[in-house]
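**Q** quick one, structure for this:
(chains A, B and C)
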Amino acid sequence: MSEYKGIRGAVWFKALTGQSAPLSGGPASVLAADAPLGNDTARFLCVVPNPEGRFPCARHGEVGLEEAYTLATRVREVIHEDNNTIKRPIIAIVDVKSQAYGRREETAGIFLAAAAAADAYGSARLAGHPIITLVVGHAFSGAFLTHGYQANRLLAFDDDGVMIHAMHKAAAARITRRSVESLEALGKTIAPLSYHIRDYAKLGLLHKLLHVENPEDPPQQEIQAVQKELITAIVDTRNSPVDLRSRMTSPGALDMRKTSIQVRNLLETQWAEIRHAQ
Amino acid sequence: MSEQRNDTKFINRQSFIELNARERAEILFDTGTSRELAGPFDRMESPWLAMQGVTPQADDGCVVMKGKISGQSTVVIALEGAFQGGSLGEVSGEKLTAALDLACADNEKGIRTNAVMLLETGGVRLQEANLGLASIAEIMASILVLRRHVPVICIIAGTVGCFGGMSLAAGLASYVVMTREARLGMNGPEVIEQTSGVEEFDSSDRALIWAIHGGEQRFAMGLADALVEDDAQQMVEAVQSFIAKGVPAVHRSSEIALYRSHIAALDASRQWDPKELRAIWKADVATEDTQ
Amino acid sequence: MEKIEFDYPAQHKVLKRAHVGVVGSGDLEVLLEPLEGDRAHVSIQTSVDGFKDTWKAVLDRFFAKYDGAVRIEIHDAGATPGSVLLRLEQAVEVSQR
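**A** Numbers count the residues shown, from 1 in each chain, chains lettered A, B, ... in the order given. Presented below is the predicted three-dimensional model:
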């Protein structure tokens, strides 16, 4: 397991956009830029640590109130501006520690801020914008729901520094009354519990795992390879429905989420029976 | 309204909170119209709990019922807070998502079908971790589509409240109905204390917890649309009134400019008395309503 | 978690199924369904290991008074014998409504 360093987001944002400054009017923790990607111009979004941030609990790569509402704003701009033109792809570069755990955040309704960002991403997807998430580092819990999990396609680096999970290990162990060691042992046989990205990939939620040699200082050829994968994912998205059902029809999902599929089939059958009876 | 409730049932006030998930769902429907889908005898249990030595429940803590409310076709999904804290696992999550999707498909065919979610949940079920988190993302995606057709009504009655990832689902709902015994927030006091320290949030301070997350505060800030007593009839009437109201012109989670300006105006150098926020935030909501 | 099964002789045909309870702390869920033949079958999943004798005692007591041909499935989260009996009786009552 790797500790969160908070450097990968900025590295990949720079690599893919050539820029490193936030747009004017936003906090320094949300990087946003439009940059060419294949034949498209794509909007790239990334949350990065900002030690100078206004909110003390959101200075180290957490997604807080400002980050969530700024992401929502930057996504909504794209929907608004592209109303009558080609729908710009939106690339969410993800390396987020967690949501912000603070009293100010709760008082000011961080749940709504997070929902607003997810609403914006989801609305953009429904409007036909290809949303591609590139997980370059950590993607935890509420932070990932806010920034990334509404995408049409999820891509992640096949690298030990990449981690997608519902809760950090120590907290998850405490709440489920286990030791960290026994949680790790369980993760070896129960894929949804695992903190390893290759186990996450087994769940069928990821579109693709991308091989990278040097995710914290990528050479040009590695950047180009990632760009190519993003372009392929955009093309794939444009030829597919705007919903998230691909996460349930992938080979991995057919195996790991077979109970989900049974549940859905049962509900469909019974729903139809009721309609005929009424 | 095609079917009226049996009013004699409500001569005496009946607690809503004391009802279990199945009873809460059932009581919202016009009398005798509800049918449960994927109920306990269908035995759609979590495949992940038993392998971790945790006893499963036959409905996985999620009740799906379809019937009529105010004579309109409606699906009600209720999470059982007493089972694993109402947490979302693979099965309960998919029941919720599939129910919303089926309602959506009917609406697209011209069969109007409303949706009500009764959320008593701490969020992701940690024994199913990444499948629970993925489920919540899918529930959110399904709410976003369905709420274009019909109001998606969220009830948080208590006593578990609505926390974690599912608080985002509540945030996406068309209307949120709460009681004074309910709480709504992303992070519970314990996890904030453990992560950010006791000086940030003292989780033993009950008054502070209710002042921030409680239904009265959420309603007073304009983050919930109705505050009702712990009374089944009031709950029924609230649901009926929001069904009658239909889809809001703008959903709260799409009011970016409004809330972004609220956040920008806050003095982040100190903690706030939650009551400070009531006057400022609610005033704007009231203004929006009259515009 | 432990799985335990018991069989009891039965006389009466049962017409309706019943579901009561929740797998919450100190409580249990009971699913009762009609079973063909002249026996009752009980299967238990409990989060508390090592109480097979106690379960037998509780069920012996219950089936001393009840002779329905049923399949009973119990999901237990550490209920006391008293709560178990209460839930079983409640399930029977619901099945007779």
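**Q** which residues of chain C lie near chain A?
**A** Taking CB under 8 Å from any CB of the partner chain, no part of chain C reaches chain A. Using the backbone N, CA and C atoms, a C-beta is placed for each residue, glycine as well.
**Q** what's the helix-or-strand element of chain C with minimal mean pLDDT in contact with?
**A** None of the helices or strands of chain C scores lower by mean pLDDT, DSSP states H and E than strand C:12-13, at a mean of 94. For strand C:12-13, contacts defined as CB atoms under 8 Å, 6 or more residues apart in numbering or on different chains pick out C:34, C:67, C:68, C:69.
**Q** is there proximity between the lowest-mean-pLDDT helix or strand in chain A and chain C?
**A** Among the helices and strands of chain A, helix A:169-175 carries the lowest confidence by mean pLDDT, DSSP H and E, at a mean of 85. No. Helix A:169-175 lies out of reach of chain C by CB under 8 Å from any CB, never closer than 15.0 Å.
**Q** just checking, what packs against that helix?
**A** In terms of contacts (3 or more CB pairs under 8 Å, 6 or more residues apart in numbering or on different chains; DSSP states H and E), helix A:169-175 is packed against helix A:180-189, helix B:189-196.
**Q** if we ignore the residues flanking it in sequence, what's nearest the residue in chain C that chain A sits nearest to?
**A** Nearest residue of chain C to chain A (CB to the nearest CB) works out as residue C:47 at 11.8 Å. Once flanking residues are discounted, residue C:47 sits nearest to residue B:55: 4.6 Å by CB to CB, 6 or more residues apart in numbering or on different chains.
**Q** the helix or strand where residue B:78 lies packs against which elements?
**A** Here residue B:78, judged by DSSP states H and E, is contained in strand B:72-79. Counting contacts by 3+ CB pairs under 8 Å, 6+ apart, strand B:72-79 packs against helix B:21-28, strand B:62-69, helix B:90-108, strand B:114-118.
**Q** before we move on, back to that, near the residue of chain C closest to chain A, how many other residues are there?
**A** Per other CB atoms under 10 Å in any protein chain shown, the neighbour tally for residue C:47 reads 18.
**Q** same check on residue A:2?
**A** Counted with other CB under 10 Å, the neighbours of residue A:2 add up to 12.
**Q** just checking, it touches residue A:168?
**A** No. Under the criterion of CB atoms under 8 Å, residue A:2 is not in contact with residue A:168, lying 12.0 Å apart.
**Q** tell me how far the residue in the stretch 151-278 of chain A positioned nearest to chain C lies from chain B.
**A** Residue nearest to chain C within the stretch 151-278 of chain A: residue A:177 (11.8 Å; CB to the nearest CB). For residue A:177, the distance to chain B equals 10 Å [CB to the nearest CB, to the nearest Å].
**Q** check what pLDDT that residue gets.
**A** With respect to pLDDT, residue A:177 scores 85.
**Q** secondary structure class for it?
**A** Going by DSSP: H, G, I helix; E, B strand; the rest coil, the secondary structure assigned to residue A:177 is coil.
**Q** residue A:250: how many residues sit nearby?
**A** 17.
**Q** please apply the same query to residue A:83.
**A** 9.
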